[in-house]
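J.: Okay, predicted coordinates and the sequence, questions at the end:
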Amino acid sequence: MINRCIVISGLIFLFFFGSQANAVAAESRATATILTAVSTSKNTDTSTAGDLAFGVIVPGESSGTVTISPSPTSARTHDGGVELVASISGAASFNISGAANTPYTVTLPDIDTIKISSGSNTMMVHSFTVSSTSGSLKLGSDGQGTFNVGGKLEVGEKQPAGNYIGTFEVTVAYQ
């Protein structure tokens, strides 16, 4: 009887602990896809040489604004005490290149407003907006794209005459 108990105990031991000896290893792969680095440059093939151009403005007795739409037509509108004179105006335009058919994002200036100045005189530009000339922020099948940036200019009452200039930066990244 003792021999049977030892044999049964041995079989139970092998049943519970022997099955772990049959463990099977599995493999998996590590993968990565490297995209072409995204790059951007000012599109100098436009009438504004790629700059955000508010055009020629006549200030009035009260302050006003001039807005440039980022759409491909770069509509220029005004509000308040300013008049617009027929002149070259338009949205800033940028070329982008990278991996074909890849969506991207555009980050506009970190601050809400930038100053443009003529000597010690300044005006503020804010409310930056972006649009793609292709309708979406996605590179084409050739890895190329274009986007425009518009904004709003605050013109003070009796704003001093001058050529006002400032800069702003945009950042492009894959989505």
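T.: Nice, thanks for sending it over.

J.: Any regions of the chain where pLDDT drops low?
T.: 1-21, 110, 132-135 (pLDDT under 70).

J.: need the strands for it, in chain order.
T.: For the chain, the strands defined by DSSP state E cover 39-42, 56-68, 76-85, 92-97, 104-107, 113-118, 121-132, 144-155, 171-174.

J.: Of all the residues in the third one, which ones are buried?
T.: This means strand 76-85. 76, 78, 81-82, 84 (16 or more other Cβ atoms under 10 Å). Any C-beta I mention is one placed from the backbone N, CA and C, and that applies to glycine too.

J.: Switch those residues over to JSON lines; also include distance to residue 175.
T.: Conversion of these to JSON lines gives the following (distance: Cβ to Cβ, whole Å):
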{"residue": "76", "distance to residue 175": "30"}
{"residue": "78", "distance to residue 175": "35"}
{"residue": "81", "distance to residue 175": "42"}
{"residue": "82", "distance to residue 175": "38"}
{"residue": "84", "distance to residue 175": "37"}
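
J.: Now do the contacts for the residue nearest to the spatial centre of the chain.
T.: With distances taken as Cα atoms, centre = their mean, residue 106 lies nearest the centre of the chain, 0.7 Å away. Applying Cβ atoms under 8 Å, 6 or more residues apart in numbering, we find residue 106 in contact with 130, 137, 147, 149, 170-172.
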